[in-house]
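J.: any chance you could fold what I've pasted below:
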Amino acid sequence: MYRLISLLAVIAPVFFSTAVRADAVAGEKLFGQCAACHQIGEGAKHLYGPSLNGVAGRVAGSKDDYEYSSPFNKAVDAGLEWDYKSLDEFLATPMKFIPGTKMVFPGVRNAEQRLSIIDYLKEFNEKGERTSNIAVVEEPVEVTVIEPRKLALDFEVPDHGVLHLGRAALPEEVAAWDIDIRPDGAGLPAGSGNALEGEELYEINCASCHGSFGEGTGRWPVLAGGGDTLTDERPEKTIGSYWPYLSTVFDYVRRAMPFGNARSLSDDDVYAITAYLLYLNDLAEEDFVLNSENLASIRLPNEENFIADNRLEEKFRTVTEGEVCMTDCLAEAPRVTQRARVLDVTPDGE
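T.: Residues are numbered from 1 along each chain as shown. Now for the predicted structure:
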């Protein structure tokens, strides 16, 4: 019945139900994995992929100001329209549904999640207006009134020539930027999460690029495995094989992930995902709980192969002692001893 109601909603929108609305709300969160390439809503623009306003029910490829791929245009010429069935099949495996499409997204494996994303897409018309009757409850926000900035011309230049422009940063502004975490765990926020919770969060936010088991999809980084490969010609640099500190894993996920929707995860979510990454690398059990108390005590296998950055203590003798050599500094001409393997960046010829 749950699926039937949603299908009827596509055929006859007048029969929208509360179940469908609830799915649209869930779909809004799931859309985060699409936001790196697509925008939707008021003012939506084309990114790597076209904007998705009014996509449900329209003829595919109808955005005249967007350049679609040749395989996609062939599918359009064959009569492709975006209804429930075609959207569901496309979201499941885009590259299989339209072979050769430039959309390299591997797809949403979970059928319920695809249903929720489609219901969310249906909420927006061609103008980007959200047509549902969902009551959006906004929490009151405390606003700090800041005086307008003064221009340089408004200041009298003192004798020492320094313009005292700007103002002191507010404590909350400093706190918003001061989120770095040191290898010893300093800076970790309060919170906790276990690997079981992390698995679900990982599937929604990370698996589309990094694979369900951290194996990586396409050209996206591999996160698990790679043990004993660092001495190989092409080592597999993963969390389990290469990364020095678990704190940097947590810091990076918290700061930059998920791709295209950074800073959308709660601190508990990041703890749970980090715990799941430990599990994928056989460094923790599936019910392991990671928190601000035990994270710094966990050692990754390759930590001992990293050395401390002591540039503040050591003299940089090349600069501090004598003249710096700028020409004819080598006894013999430089020569190429190794070449980049992934990107063709090593110059050829003379």
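
J.: part of a strand, is Glu28?
T.: No. Under DSSP: H, G, I helix; E, B strand; the rest coil, Glu28 sits outside any strand and is assigned helix.

J.: ok, it touching Tyr120?
T.: Yes. Between Glu28 and Tyr120 there is a contact at 5.2 Å, judged by C-beta atoms under 8 Å. Where you see a C-beta, it was placed from the backbone N, CA and C, and this is true even at glycine.

J.: tell me which of these two has more neighbours.
T.: Tyr120 (24 against 16; other C-beta atoms under 10 Å).

J.: next, that one: phi, psi?
T.: Note on Tyr120: its backbone torsions stand at phi -70, psi -40 [degrees, to the nearest 10].

J.: ok, now which ones touch it?
T.: Asp23, Ala24, Val25, Ala26, Gly27, Glu28, Leu30, Phe31 (C-beta atoms under 8 Å, 6 or more residues apart in numbering).

J.: greatest separation within those: which pair is it?
T.: Greatest spatial distance in the contacts of Tyr120: Asp23 and Phe31, 12.0 Å, computed using C-beta to C-beta.

J.: domains in this structure, by residue range?
T.: As assigned by automatic domain parsing, the chain contains the domains 2-121, 192-305.

J.: so Val104, which of the three states?
T.: Classification of Val104 by three-state DSSP places it in coil.

J.: work out for me the element the closest residue to it other than its chain neighbours sits within.
T.: Among residues not flanking Val104 along the chain, Gly218 sits closest, at 5.2 Å (C-beta to C-beta, 6 or more residues apart in numbering). In the assignment (DSSP states H and E), Gly218 maps to no helix and no strand.

J.: for Gly218, what are its contacts?
T.: Val104, Pro106, Cys209.

J.: which residues touch the last one?
T.: Residues near Cys209 by C-beta under 8 Å, 6+ apart: Pro106, Gly216, Thr217, Gly218, Trp220, Phe259.

J.: low-confidence bits of the stretch 251-350 of the chain, can you list those?
T.: For the stretch 251-350 of the chain, the stretches flagged by pLDDT under 70 are 314-322, 339-350.

J.: over to the chain?
T.: The model of the chain has pLDDT under 70 over residues 1-22, 132-158, 160-165, 314-322, 339-350.

J.: the residue positioned nearest the centre of it and Asp232: what is the separation?
T.: Residue closest to the mean C-alpha point of the chain, counted by C-alpha atoms, centre = their mean, is Phe259 at 1.3 Å. Using C-beta to C-beta, to the nearest Å, Phe259 is found at 28 Å from Asp232.

J.: over to Glu112?
T.: 41 Å.

J.: just confirm the residue nearest to the centre of the chain is within a strand.
T.: No. Phe259: not assigned to a strand; according to three-state DSSP it is coil.

J.: phi and psi next, for it.
T.: Dihedral pair for Phe259: phi -60, psi 130, per degrees, to the nearest 10.

J.: and the closest residue to it other than its chain neighbours, how many neighbours?
T.: Nearest non-adjacent residue to Phe259, counting by C-beta to C-beta, 6+ apart: Ala36, 5.1 Å away. Using other C-beta under 10 Å, Ala36 has 17 neighbouring residues.

J.: give the contact list for Ala36.
T.: By C-beta under 8 Å, 6+ apart, the contact set of Ala36 is Leu47, Tyr48, Phe259, Gly260, Asn261.

J.: quick one: which two of those residues are the most distant?
T.: Pairwise distances across these peak at 14.5 Å for Tyr48 and Asn261 (criterion: C-beta to C-beta).

J.: hey, where'd the strands end up in the stretch 151-300 of the chain?
T.: When secondary structure is read from DSSP state E, counting those that start in this stretch, the stretch 151-300 of the chain shows strands at 192-194, 289-291.

J.: parallel or antiparallel, list what pairs with the last one.
T.: To tie it back to what came earlier, the one meant is strand 289-291. Taking DSSP bridges as the criterion, strand 289-291 sits next to strand 192-194 (antiparallel) in its sheet.

J.: what residues does the partner strand touch?
T.: Counting by C-beta under 8 Å, 6+ apart, 268-275, 287-292 sit against strand 192-194.

J.: can you turn the buried part of those residues into a PyMOL selection?
T.: Remark: buried members of those, expressed as a PyMOL selection using 16 or more other C-beta atoms under 10 Å:
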select buried, resi 268+269+270+271+272+273+274+275+288+289+290+292
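
J.: same list, the contacts of strand 192-194, but as TSV with distance to Leu300 please.
T.: TSV is the format used below for these (distance: C-beta to C-beta, whole Å):
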residue	distance to Leu300
Asp268	22
Asp269	21
Val270	17
Tyr271	16
Ala272	18
Ile273	16
Thr274	12
Ala275	14
Asp287	20
Phe288	14
Val289	18
Leu290	13
Asn291	17
Ser292	18
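
J.: nearest to Thr238, of the contacts of strand 192-194?
T.: Nearest to Thr238 among those: Thr274, at 13.9 Å, using C-beta to C-beta.
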